[in-house]
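In: After the sequence you'll find the predicted model.
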Protein chains: 4
Amino acid sequence: MNTHSDKGERAKRTSPRPADDPQRRATILHAAQTCFAQDGFHRTTMRAVARQAGLAEGTLYHHFRGKDDLLLGLFGALGEQARASLDPAALAALNLRDFLRAFLAAPLAALAQDEAGLLRVILSEGLIRRDLGRAFADGLTGTAALGAQALAERPELRGVDTGELLRTGLTLVLGHTVQGALSGDPLPDPQVTAARMADVLLALVAAERA
Amino acid sequence: MNTHSDKGERAKRTSPRPADDPQRRATILHAAQTCFAQDGFHRTTMRAVARQAGLAEGTLYHHFRGKDDLLLGLFGALGEQARASLDPAALAALNLRDFLRAFLAAPLAALAQDEAGLLRVILSEGLIRRDLGRAFADGLTGTAALGAQALAERPELRGVDTGELLRTGLTLVLGHTVQGALSGDPLPDPQVTAARMADVLLALVAAERA
Amino acid sequence: MNTHSDKGERAKRTSPRPADDPQRRATILHAAQTCFAQDGFHRTTMRAVARQAGLAEGTLYHHFRGKDDLLLGLFGALGEQARASLDPAALAALNLRDFLRAFLAAPLAALAQDEAGLLRVILSEGLIRRDLGRAFADGLTGTAALGAQALAERPELRGVDTGELLRTGLTLVLGHTVQGALSGDPLPDPQVTAARMADVLLALVAAERA
Amino acid sequence: MNTHSDKGERAKRTSPRPADDPQRRATILHAAQTCFAQDGFHRTTMRAVARQAGLAEGTLYHHFRGKDDLLLGLFGALGEQARASLDPAALAALNLRDFLRAFLAAPLAALAQDEAGLLRVILSEGLIRRDLGRAFADGLTGTAALGAQALAERPELRGVDTGELLRTGLTLVLGHTVQGALSGDPLPDPQVTAARMADVLLALVAAERA
DNA sequence: GATGAATGAGGTTTCATTCAT
DNA sequence: CATGAATGAAACCTCATTCAT
């Protein structure tokens, strides 16, 4: 209903016919995210998604294979988002403290806002569906590996297992985010949280080098 | 019918009437846990639980109000288990390092084995259902507070926010466990993991007191 | 629950063993009537009847074949009651006006009180089940015939179809009672209603003899 | 699938989309009436109604909220029918005898035919469900009041309580119809019955004015 | 491509009845 | 005879998906 206005905006699309879809896909995914975040994947009906998107139920099936495909699409979007929020080149220029802060702030910031709902849905299903869960876990591992590469050469980390360091950092981020998602409390400022967690990791480095 | 064999086991009870039986409840909860852990709450049918329990569908409803009540019962069991695994009195006698190890090993051990399935179910639904999620989060908070009390007087922690320290520890535990649940990989030995995490916390203490 | 006291009363039964039942049957029927009248036959569970009777569910089946048999038993009781409330010998002694009043007051009085519930149940099911319905209708017809016999010889009714006269009277009674049962309003005093209806019939007699 | 033939019949409608269709509703209600009249409301399954309507079970729920809504829809249809069969303007032109005959013949005729089943269902449930029962009773009261208005000015009824007169008439109609529904016997010609009942009322008028 | 009415398998839950104690 | 836990068929209803328009 409220989505009709969005449709209005999109009506000025220049293409004469509805075109194919990258726009439509996004609209639908966004609607799905909203619904899933609110009621969970299983308690959300395709009709609800359709209405939220301002479309008919049948139309959803022109753009997605089915309900599951919606979830997969959402998961893909989460991955893209995560990848986009982390720029290894930029990180490389920072000193260790700032590197850690930026590295941890990225996922925290991405999930801080209304996207928290997205995470809830992905995690909730990921805990049940082996494929989703593993993909998510692999994403974390990959991210840690990516960061570790950027830290590999730093002299002040000589003797430190940077991979494990960053994995510990991401474990903190995951634990923190899940806790927030469970409690329903709004998460504190990502920058502050990231700074606190960076301190933990720095303490760990200091201890290991001692 | 098929229940008679089970009843045979239980025949030592002299009472002629099974009464309201805590055994049956446990049997059913166990079956529910198995099914839920395997397929998730929503994809599990009451029929599946009944079959797993070796009972008729209708019988489940003599002991639980409905499917939801099964989940709640499971959640309650998790809580009891958590409470049972943490003995504040015993902890108080330990030095800091051992205290932290024991404090963190308790939940890790509880969830290490097949109970991992239980956690997956509870978390999966807790991420969607506000009441469950909050109850779970409150459990964590309460546990941290309980531990903090036991640490309050220690001179070597003068100036350290013990509450936050333990919360960080539990955040690590939660993150670690979720990661394990997601990846499907068997979690490493709880004692080892706990030791590693205790080191993180000790590093943090050292850094804060420096 | 409140029925336990009743059970207490009955405990002083002199017979050493529970005896057979005429007492029990009555207790159960009474409970059934209460439940059926409140929620209707179909919405009443055997468990509800058992509880109302202060008995176990299984016990009901020692005295009645099943739920349907309860309804039949109730119907039989209604018939007995109807028959008991009508004493042809006593009626024969009355003048026409009083005869009609008494004849109509009998069923009205029987149904006036809490027995109204009984009627509701019987009628409700009688409208659906051919056997019950026909038995009920036959009861009415029989009653009219019985009354007509008592009026047969009266000289002031020479030329009047007394059977039809009384059938009309019972039609009024039935219509009146059904209306009351539908509206839920408490029925007015049976005597008054009977008097009013008797007037209708007397007017009819007068008109026919004119 | 099997619906396509039906749709063929209906193909004359030019609208590309069936829209919300009043046809379907009627089809379903008719099927419901048939089933309910045969087996009663409670013994009729939604599946039976669907089959009778030549539709899938799920389809019923696109047009009615649930089983109860079917009953309510039927009740509404009965009301409409009753209202349609009574034309106050036309009645006003008749002399008293014909007025009464027409007034009583209307409901009798409406229920005489296969609609008798409809009445059985409505009454059967109305006797149990307070809301339905009251609505039905109110319908009767309203009808009597409507008729009384049309009779109000007649000089030959000066001094007669026309409201009560017509209520008595409807009580006769109700009693008569219920009796017929119970016995299962086919009701006699509505016109004849109405004439006989009109005579009763006329006798009553004569007696009251005497 | 868009629509949404129709489909029907399948889910949860109820409840009359049985039978071991 | 009394009990009441167990049974399991069957009811109502939901909802992902299809397909004629």
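Out: Yep, it's here. Numbers count the residues shown, from 1 in each chain, chains lettered A, B, ... in the order given.
In: Please work out which residue of chain A is closest to chain D.
Out: Residue nearest to chain D within chain A: residue A:56 (10.6 Å; Cβ to the nearest Cβ). No exception for glycine: its C-beta is placed from N, CA and C like everyone else's.
In: and that residue, backbone torsions?
Out: As for residue A:56, its main-chain torsions (degrees, to the nearest 10) stand at phi -90, psi 160.
In: what's the helix or strand hosting residue A:148 packed up against?
Out: Using DSSP states H and E, the element containing residue A:148 is helix A:130-151. Applying 3 or more Cβ pairs under 8 Å, 6 or more residues apart in numbering or on different chains; DSSP states H and E, one finds that helix A:130-151 contacts helix A:67-84, helix A:88-92, helix A:96-112, helix A:116-126, helix A:162-183, helix B:162-183.
In: can you tell me if the fourth one touches DNA strand F.
Out: Going back to what we said before, that points to helix A:116-126. No. Using Cβ under 7 Å from any atom of the strand, helix A:116-126 never reaches DNA strand F; the gap is at least 13.5 Å.
In: Surely residue A:75 and residue A:132 touch.
Out: Yes. Contact between residue A:75 and residue A:132 holds when scored by Cβ atoms under 8 Å: they sit 6.2 Å apart.
In: Overlap of the contact sets of those two?
Out: Residues touching both residue A:75 and residue A:132 (Cβ atoms under 8 Å, 6 or more residues apart in numbering or on different chains): residue A:122.
In: Next, work out how far apart whichever residue of chain A sits closest to DNA strand F and residue B:138 are.
Out: The nearest approach of chain A to DNA strand F comes at residue A:66, 2.8 Å away (Cβ to the nearest atom of the strand). Distance of residue A:66 to residue B:138, computed by Cβ to Cβ, to the nearest Å: 37 Å.
In: what's the answer for residue A:59, then?
Out: Per Cβ to Cβ, residue A:59 is found 43 Å from residue B:138.
In: which stretch among the helices and strands packed on helix A:130-151 comes nearest residue D:27?
Out: Closest to residue D:27 of the helices and strands packed on helix A:130-151 is helix A:67-84 (Cβ to Cβ; 31.4 Å).
In: now the closest one: how far from the chain's centre is it?
Out: Put simply, helix A:67-84 sits 8 Å off its chain's centre (Cα atoms, centre = their mean, to the nearest Å).
In: Does anything pack onto it? Which helices or strands?
Out: Counting contacts by 3+ Cβ pairs under 8 Å, 6+ apart, helix A:67-84 packs against helix A:22-39, helix A:96-112, helix A:116-126, helix A:130-151.
In: Pick the most deeply packed of those.
Out: Stretch with highest mean neighbour count among the helices and strands packed on helix A:67-84: helix A:116-126 (a mean of 24; mean count of other Cβ atoms under 10 Å in any protein chain shown).
In: Report the mean confidence score over it.
Out: Average pLDDT, helix A:116-126: 89.
In: So what touches that helix?
Out: Where contact means Cβ under 8 Å, 6+ apart, the residues beyond helix A:116-126 that reach it are A:33-34, A:36-38, A:40-41, A:71, A:74-75, A:77-78, A:111, A:132-133, A:135-136, A:177-178, A:180-181, A:187, B:123-125, B:127-128, B:178, B:182.
In: Return the residues in contact with the residue of chain A closest to chain D.
Out: With Cβ under 8 Å, 6+ apart, residue A:56 has these contacts: residue A:50.
In: Report the separation between it and chain C.
Out: To chain C, residue A:56 is 40 Å away according to Cβ to the nearest Cβ, to the nearest Å.
In: got it, and residue A:178?
Out: Taking Cβ to the nearest Cβ, one finds residue A:178 at 44 Å from chain C.
In: Please give me every residue in contact with that residue.
Out: Residues near residue A:178 by Cβ under 8 Å, 6+ apart: A:123, B:123, B:127, B:174-175, B:178.
In: ok, residues contacting stretch A:26-41?
Out: Applying Cβ under 8 Å, 6+ apart, the contact partners of stretch A:26-41 are A:3, A:6, A:10, A:44, A:48-50, A:52-55, A:60, A:63-64, A:67, A:70-71, A:73-74, A:77, A:114, A:116-118, A:120-121, A:124-125, B:128-129.
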